[in-house]
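Student: got a structure for you, letters missing:
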């Protein structure tokens, strides 16, 4: 009997989750949990270049700039 009750509860939860709108299902999740599993390209979509490099140290930014300049790329878009 407990197995049957557990199965009914699991099926009910699954059905309710499928019926809930996405916004409701995402409530309570941290930003990290919300983007978990997304490829980097998707996580960066919609961010400005300034937002993309916001957490980088000055040293890392210098290294990236040197790398860009070494590849012949212009550091500023024209």
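Tutor: Received the coordinates, thanks. Everything numeric in this text was worked out from a predicted model, so none of it was measured.
Student: so what are the domain limits for the chain?
Tutor: Using automatic domain parsing, the domain parsing of the chain gives 1-36, 46-72.
Student: would a markdown table of these with mean pLDDT be doable?
Tutor: Below are the domains of the chain laid out as a markdown table (pLDDT from 0 to 100):
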| stretch | mean pLDDT |
| --- | --- |
| domain 1-36 | 91 |
| domain 46-72 | 91 |
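Student: can you put the ones you listed in TSV and add mean neighbour count?
Tutor: Any C-beta I mention is one placed from the backbone N, CA and C, and that applies to glycine too. Shown next, in TSV, are the domains of the chain (neighbours: other Cβ atoms under 10 Å):
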stretch	mean neighbour count
domain 1-36	9
domain 46-72	10
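Student: need the contact partners of the longest helix along the chain.
Tutor: Assignment by DSSP state H gives helix 2-19 as the longest helix of the chain. Contact with helix 2-19 is made by residue 25, as judged by Cβ atoms under 8 Å, 6 or more residues apart in numbering.
Student: next SSE downstream of it?
Tutor: Using DSSP states H and E, the helix or strand that follows helix 2-19 towards the C-terminus is helix 22-26.
Student: run the chain-centre distance for that following helix.
Tutor: From the chain centre to the centre of helix 22-26 is a distance of 15 Å (Cα atoms, centre = their mean, to the nearest Å).
Student: quick check, pLDDT for residue 77.
Tutor: For residue 77, the model assigns a pLDDT of 58.
Student: quick check: which element contains residue 32?
Tutor: Assigned by DSSP H and E, residue 32 falls in helix 31-35.
Student: C-terminal to that helix, what's the next element?
Tutor: Next helix or strand after helix 31-35 toward the C-terminus (DSSP H and E): helix 40-44.
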